[in-house]
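> Any chance you could fold what I've pasted below:
(one chain, ligands or ions: 1)
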Amino acid sequence: MVEAWPPPAAQEQEPCAHHWLIENPNGETSIGVCKYCGASREFRNYAAPGQYQHRTRKDATQTQ
Ligand SMILES: [Zn+2]
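Presented below is the predicted three-dimensional model:
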């Protein structure tokens with residue numbers, strides 16, 4: 001997923017609404033790049049809270 005979009009010279013010129021283009025998931029996180037300003041940030045792939053919390057048990061007793 002590559003879109004050629006020339007980023008502005010100055011990154012902090014005006015607030016950008018950010019249209020994130022997110023790469024295919026690769027592990028826990030994906031890198032998203034803004035379509036408009038070229039900013040990049042990290043997105044977590046396990047974004048669903050609660051789905052991940054059932055593993056907070058102590059592993060003292062491993063009852064499978
Ligand atoms: Zn942006």
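
> Quick check: Ala17 touching Ala39?
No - with contact defined as Cβ atoms under 8 Å, Ala17 and Ala39 do not form a contacting pair (11.2 Å). (Glycine included, C-beta is placed from N, CA and C.)

> The two: who's more crowded?
Ala39 (15 against 8; other Cβ atoms under 10 Å).

> Excluding chain neighbours, what is closest to His19?
Leaving aside its chain neighbours, His19 sits nearest to Lys35 (4.1 Å; criterion: Cβ to Cβ, 6 or more residues apart in numbering).

> Quick check, that neighbour in contact with Glu3.
Yes - with contact defined as Cβ under 8 Å, Lys35 counts as touching Glu3 (6.3 Å).

> Could you name every residue contacting both of those two?
Overlap between the contact sets of Lys35 and Glu3, as judged by Cβ atoms under 8 Å, 6 or more residues apart in numbering, is given by Leu21.

> which stretches of this protein form helices?
Here the chain has no helices by DSSP state H.
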